[in-house]
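1. Show me the folded form of this:
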Amino acid sequence: MCECLNEIRQNIIENEKASYVRIDCSNIRRTTEGEADKECLTGQRIEIGYNHIKRDGEIKKKERKSFVTHDYCPFCGDKY
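-> All right, here's what the predicted structure looks like:
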């Protein structure tokens, strides 16, 4: 996996004189050759709104949050 996020984090710390930079990651578990490990994957948070029909026929609006990950690094184009 590429080191783009770590490089960007370090550049922000150096250029902005920040004490830390928090990059929100999905923390999705991926398995590689039988071993599970956490990777920092980039992606997009999404909200899904839909109408749910209850048992009594009443329509209720519901929302669900999800996260769609990228297959490739958005900075260098390497595949995850």
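2. got the residue ranges for the strands in the protein?
-> 29-32, 35-38, 43-53, 59-69 (DSSP state E).
3. Show me the one of the ones you listed that comes nearest Leu5.
-> With respect to Leu5, and counting by Cβ to Cβ, the nearest of those is strand 43-53 at 12.2 Å. Just so you know, the C-beta spots here come from the backbone N, C-alpha and C atoms, and that holds for glycine as well.
4. tilt between the closest one and strand 59-69?
-> Orientation of strand 43-53 against strand 59-69 (axes from the mean of the first three to the mean of the last three Cα atoms, to 10 degrees) gives an angle of 160 degrees.
5. Which strands and helices lie in contact with strand 43-53?
-> Helices and strands touching strand 43-53, by 3 or more Cβ pairs under 8 Å, 6 or more residues apart in numbering; DSSP states H and E, are strand 59-69.
6. which stretches of the protein have low pLDDT?
-> For the chain, the stretches with pLDDT under 70 are 1, 23-41.
7. and Arg55, how many neighbours?
-> By other Cβ atoms under 10 Å, 5 other residues sit near Arg55.
8. Ile8 too?
-> Neighbour tally, Ile8, other Cβ under 10 Å: 13.
9. Could you do Ile46 as well?
-> 10.
10. Contacts only, for it.
-> Ile46 is in contact with Lys65, Ser66, Phe67, Val68, counting by Cβ atoms under 8 Å, 6 or more residues apart in numbering.
11. ok so, going back, same list (the strands of the chain) but as TSV, adding distance to Glu3.
-> Listed next are those as TSV, based on distance: least, Cβ to Cβ, whole Å:
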stretch	distance to Glu3
strand 29-32	17
strand 35-38	16
strand 43-53	18
strand 59-69	18
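12. between those strands, which gets nearest to Ser19?
-> strand 35-38 (24.3 Å).
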